[in-house]
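# I would like to see how this sequence folds:
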Amino acid sequence: LDGRRTDEIRPIWCEVGYLPAAHGSAIFTRGETQSLTTVTLGTKMDEKVKDEVLVQGTEQFVLHYNFPPFSTGEAKAARGLSRREIGHGHLAWRALKPMVPVGEENPYAVRVVSDILESNGSSSMATVCAGTLALMDAGVKLKKPVSGIAMGLISDSATGRWAVLSDILGDEDHLGDMDFKVTGTKDGITATQMDIKVDGLSYEVLAKALEQARVGRMHILGKLTECIAEPRADYRPFVPRIVQITIPQDMIGAVIGPGGKVIQDIQKTTGTTITITETDNKGVVDIFGLDKEAMDAALSRQSPFDHAVRCVRRDHAGQGRPAAHLGDRLQAVRNDGGNRPERGGYDRGESHRHRSQDQQAQVVSPRTDSAARRLDGAGAPSPRARRSSAPPFGAQGVELCGSRSLLRRWFRFCSKILAGILYDVL
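As a prediction, the model looks like this:
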């Protein structure tokens, strides 16, 4: 309708970092369709909670699509979301989700919000393109950039003639016979959606539509990569920083402490947020802080983190740095036979100076040298030495999670419950 060829894409203009205070932002304009998209990175407590009849859990990556009335020149009240907005947002979410890293690859909860400022066809595909730009601007390590395009169809059943249209307008969607949205990377398709007004499509029409869509997607993808070719190497300065360590399952109780006393004290005094997730018989501890100083303060605490055995540590604050530079108190096993460094600090020898970002460390339970030297007779340790060389009992001691301690706590708990039941009965 606007004089373009059937396979011609409307002019494209895009820019990243459009909103300086957002964790990530981008604006994408194609013809008369424009999307302003922002990305916010949060902690595990910001994940979407799913509580349905058959599905329970959390969603780490969410996308919200807003279509205000002024985007189409209408003056009316902005009420609740319509089915159209929910469907368009879900399509864009499905298009981006396979490329967004989750789990151990990305500890952040990711929220993408697309605000459509102007719309004349294919605002959901503009959301996909703007979402890709905003995610890379935020430093999220997308596996591959994603682009999307809406295809149309004009057909005449009487003569059998037909033509596939690329990047359709709103009127072409209304007057045409097909609205076929295709999203994907350079290697394949991630999501599709089709609305047709005819009885069916032949194989020839569908093959032509997919091939023409691929050519259009590659053109749009080229425009995106011209704006930003790859995710930023580091997050924005005001993005919360995360350090992730893995501890044995039986150490989770020591990290939390009785009634959550230990973990709450660390959070209160350092201003950080700590979450613990139990997966695959291990505990994943995520420490969130607003700056590096808060992270260092949390990790340098004389806490059960010092007793985590075979800990695996990941720093998601940006580029990889040795663990010692983040104030990590975990004692690493040296390459010269297992000699442990002094308790007072981190060994800065050559064996630790070039460690990679993913650090495997083994922590030796603290014991005093004087207790080790107090031997009697033929070299057997005296009872006093054995008592003094044992790990301290409390929040710092591995014995807190020992079997004897757990059994004592369990029997004490059962006794209180039984006493309460007998009191009610009698």
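# three-state assignment of Ala134?
helix (DSSP: H, G, I helix; E, B strand; the rest coil).
# Gly42 is in contact with Ala138, correct?
No: using C-beta atoms under 8 Å, Ala138 is not in contact with Gly42, being 11.7 Å away. For glycine as for every other residue, the C-beta is placed from the backbone atoms N, C-alpha and C.
# tell me where this protein has helices.
Along the chain, counting by DSSP state H, helices occupy 83-96, 123-138, 170-175, 203-227, 252-256, 261-270, 292-299, 350-353, 369-373, 383-389, 403-425.
# for Leu19, find the nearest of the ones you listed.
Nearest to Leu19 among the helices of the chain is helix 123-138 (9.4 Å), distances taken as C-beta to C-beta.
# related to what we said a few turns ago, neighbour count: Ala138 and Gly42, which is higher?
Neighbour tally, Ala138 and Gly42, criterion other C-beta atoms under 10 Å: the higher count belongs to Ala138, 27 against 16.
# not counting sequence-adjacent ones, nearest residue to that one?
Spatial nearest neighbour of Ala138, chain neighbours left out: Gly24 (2.5 Å); criterion: C-beta to C-beta, 6 or more residues apart in numbering.
# repeat that for Leu201.
Met178 (7.3 Å).
# is that neighbour bridged to anything, and to what?
Leu153, Ile196 (DSSP bridges).
# which ones are touching the closest residue to Thr225 other than its chain neighbours?
Leaving aside its sequence neighbours, Thr225 sits nearest to Pro145 (C-beta to C-beta, 6+ apart; 6.4 Å). Pro145 makes contact with 99, 132, 136, 185, 221, 224-225 under the criterion C-beta atoms under 8 Å, 6 or more residues apart in numbering.
# ok, now how distant is Pro145 from Phe180?
Pro145 sits 21 Å away from Phe180, going by C-beta to C-beta, to the nearest Å.
# what does Asp187 give?
Distance, Asp187 to Phe180, using C-beta to C-beta: 20 Å.
# same check on Ser114?
21 Å.
# would you mind telling me which of those two has the busier surroundings?
Counted by other C-beta under 10 Å, Ser114 and Phe180 do not tie: Ser114 has more neighbours, with 28 against 24.
# surely that one touches His64?
Yes: counting by C-beta under 8 Å, Ser114 does reach His64; the two are 7.1 Å apart.
# joint contacts of these two?
Shared contacts of Ser114 and His64 (C-beta under 8 Å, 6+ apart): Gly89.
# residue ranges with poor pLDDT in the stretch 251-400 of the chain?
Along the stretch 251-400 of the chain, the parts satisfying pLDDT under 70 run over 302-400.
# could you give the number of residues near Val49?
Val49: 9 neighbours (other C-beta under 10 Å).
# look up the closest residue to it, ignoring the ones flanking it.
Thr58 is the one closest to Val49 (C-beta to C-beta, 6+ apart), at 5.7 Å.
# check contacts around the one you found.
Going by C-beta under 8 Å, 6+ apart, Thr58 touches 44, 47-50.
# what's the answer for Thr33, then?
Counting by C-beta under 8 Å, 6+ apart, Thr33 makes contact with 116, 118-123, 126.
# let's see it at 10 Å
With contacts defined as C-beta atoms under 10 Å, 6 or more residues apart in numbering, Thr33 is in contact with 10, 71, 116-127, 129, 150, 167, 169-170.
# with Cys14 instead?
Cys14 makes contact with 26-30, 34-35, 126, 129-130, 132-133, 220, 223-224, 226-228 under the criterion C-beta under 10 Å, 6+ apart.
# centre-most residue in this structure?
Among the residues of the chain, the one closest to the centroid is Tyr108, at 3.4 Å (C-alpha atoms, centre = their mean).
# distance of it relative to Thr127?
For Tyr108, the distance to Thr127 equals 20 Å [C-beta to C-beta].
# who's the closest residue in space to the residue nearest to the centre of the chain that isn't next to it in sequence bridged to?
Spatially, and ignoring its direct neighbours in sequence, Tyr108 is nearest to Leu41 (4.2 Å; C-beta to C-beta, 6+ apart). For Leu41, the beta-bridge partners are Val110 (DSSP bridges).
# Leu41 - how many residues pack around it?
Using other C-beta under 10 Å, Leu41 has 22 neighbouring residues.
# give me every residue that touches it.
With contact taken as C-beta under 10 Å, 6+ apart, Leu41 is in contact with 23-24, 106-111, 138-140, 235-236, 239-240, 242, 316.
# please report how far it lies from Met125.
According to C-beta to C-beta, Leu41 and Met125 sit 24 Å apart.
# same deal with Gly170?
From Gly170 over to Met125 the distance is 13 Å, taken as C-beta to C-beta.
# what about those two, which has more around it?
A count of neighbours by other C-beta under 10 Å puts Met125 above the other of Gly170 and Met125, at 28 against 16.
# where's the more buried one relative to Leu422, distance?
68 Å.
# with Ile266 instead?
For Ile266, the distance to Leu422 - C-beta to C-beta - is 39 Å.
# which one of the two is surrounded by more residues?
It is Ile266, of Ile266 and Leu422, that has more neighbours when counted by other C-beta under 10 Å, with 22 against 9.
# pretty sure that one contacts Val255?
Yes: the pair Ile266 / Val255 is scored as a contact, 9.0 Å apart, by C-beta atoms under 10 Å.
# is Ala191 in a bridge, and if so with what?
For Ala191, the beta-bridge partners under DSSP bridges are Thr183.
# neighbours of it, how many?
Applying other C-beta under 10 Å, we find 21 residues neighbouring Ala191.
# ok, now which ones touch it?
90-98, 124, 128, 146, 148, 181-184.
# circling back: I figured the residue nearest to Leu201 hits Gln193, correct?
No: in this structure, Met178 is not within contact of Gln193 by C-beta under 10 Å, at 11.2 Å.
# what do the two both touch?
Common contact partners of Met178 and Gln193 (C-beta under 10 Å, 6+ apart): Ala150.
# of these two, who's got more company?
The residue with more neighbours, out of Met178 and Gln193, is Met178; 24 against 18, by other C-beta under 10 Å.
# which residues touch that one?
Applying C-beta under 10 Å, 6+ apart to Met178 gives the contacts 150-155, 162, 164-165, 168, 194-198, 201, 205-206, 209.
# of the residues you listed, select the buried ones using a ChimeraX command.
Of the contacts of Met178, the buried ones can be selected in ChimeraX as follows, counting by 16 or more other C-beta atoms under 10 Å:
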select :150,151,152,153,154,155,162,164,165,168,201,205,206,209
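# that concludes my questions; thank you for your assistance.
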